[in-house]
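Engineer: quick one, fold the following:
(one chain, ligands or ions: 1)
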Amino acid sequence: MFIGAAARNTAVAEHLAVRTRYPGLARAILAGASAQIRNMATVGGNLLQHTRCTYFYDDDGSRCNKRQPGQGCDAIEGFNRIHAILGASPACVATHPSDMCVALAALGAILHLKGSNGERTLPLTEFHQLPGDHPEVETSLQAGELITAVEIRPFSFSTRSTYRKVRDRASYAFALVSVAAAIEIDNGTVKDVRLALGGVAHKPWRAWTAEAALKGQPATEASFRAAAEVELAAAKPLRDNAFKIELAKRTITAVLNELTGAKA
Ligand SMILES: Cc1cc2nc3c(=O)[nH]c(=O)nc-3n(C[C@H](O)[C@H](O)[C@H](O)COP(=O)(O)OP(=O)(O)OC[C@H]3O[C@@H](n4cnc5c(N)ncnc54)[C@H](O)[C@@H]3O)c2cc1C
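Structural biologist: Coordinates of the predicted model:
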């Protein structure tokens with residue numbers, strides 16, 4: 001399936017092919033922003049959202065390495081409840097805000113890009129960058145380049161996919177933690193699984209470690225929790241956001257329970 005970069009979020013979420021083949025993507029888009037914003041927001045614009053951090057937006061006194069490279073980061077020692085627990089750096093702890101991109105990461109979406117040097121494709125998981133020493137570089141989009149489309153290559157268990165977003169309010173709030181997942185079960189065993197997290201890192205976080213740990217395991221709540229534990233083993237909490245670690249583990253487990261019926 002190809003989704004044009006100028007397609008509106010609402011149109012994508014409501015498209016019959018998306019709803020039937022990639023229900024997790026439809027759910028993710030509908031979990032974002034408000035109906036009015038989704039009616040106007042485009043796929044390309046959603047992919048290019050800046051990461052979220054109060055100190056990045058406060059350009060009246062706060063230090064931010066993203067806004068002004070080398071300046072320092074006031075979030076690391078500041079109010080950092082919404083910030084990253086995975087893949088952060090001493091330069092930046094901001095989180096990626098998109099819901100749609102988390103679902104696209106789990107689905108293994110491919111971006112189609114066009115610039116003055118020609119066309120190229122790139123897995124979405126390689127498009128957004130971790131902050132490292134250069135948090136001002138958020139994506140691998142080059143100067144003059146446009147996203148033209150998002151491609152989702154079919155896979156057999158995409159219909160068994162979903163998205164769950166945990167947030168402070170039931171609507172119109174960014175994710176504290178979100179989980180996109182698709183899973184294939186064969187005779188009670190996890191044959192294949194795709195898992196991505198939102199609200200935890202500078203980019204949509206594909207949970208490769210948890211996926212590897214789950215394949216071949218019994219499709220039980222204990223296996224799901226164990227896979228969540230290994231994924232979150234690398235988490236590094238800040239002063240105010242340690243709760244996200246347990247929240248992520250519980251959300252992963254709950255989503256996989258829901259998809260497999262492992263526990264009501
Ligand atoms: C109050 C508020 C709450 C929100 N809540 C959520 C939320 O909970 N979840 C969520 O996922 N999103 C959320 N959003 C984001 C929203 O859904 C839009 O995706 C976002 O605002 C981008 O808007 P836009 O699509 O109009 O892009 P624009 O503002 O038009 O573009 C954003 C950037 O992308 C660039 N761009 C656009 N298209 C392309 C392209 N094809 N190729 C290259 N560059 C391109 C533009 O040049 C610009 O730099 C929220 C936004 C607001 C304002």
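Engineer: neighbours around the residue of the chain found nearest the ligand, how many?
Structural biologist: Ranking the residues of the chain by distance to the ligand (CB to the nearest ligand atom) places G45 first, at 1.9 Å. In short, each C-beta sits where N, CA and C put it, glycine included. G45 sits with 14 neighbouring residues when counted by other CB atoms under 10 Å.
Engineer: show me the helices in the stretch 51-200 of the chain, by range?
Structural biologist: Counting by DSSP state H, counting those that start in this stretch, the segments of the stretch 51-200 of the chain that form helices are 54-57, 100-107.
Engineer: now check the first one, is it near the ligand?
Structural biologist: No. Remark: helix 54-57 sits outside contact range of the ligand, by CB under 6 Å from any ligand atom, the gap being at least 11.7 Å.
Engineer: with stretch 30-38 instead?
Structural biologist: Yes. Applying CB under 6 Å from any ligand atom, one finds stretch 30-38 in contact with the ligand at G32, A33, I37.
Engineer: quick one: mean pLDDT for that stretch?
Structural biologist: For stretch 30-38, the mean pLDDT works out to 96.
Engineer: tell me how far it lies from the chain's centre.
Structural biologist: Here the centre of mass of C-alpha atoms in stretch 30-38, compared against the chain's by CA atoms, centre = their mean, to the nearest Å, lies 16 Å away.
Engineer: circling back: closest to A242 out of the helices of the stretch 51-200 of the chain?
Structural biologist: Using CB to CB as the measure, helix 54-57 is the one of the helices of the stretch 51-200 of the chain that comes nearest A242, at 18.5 Å.
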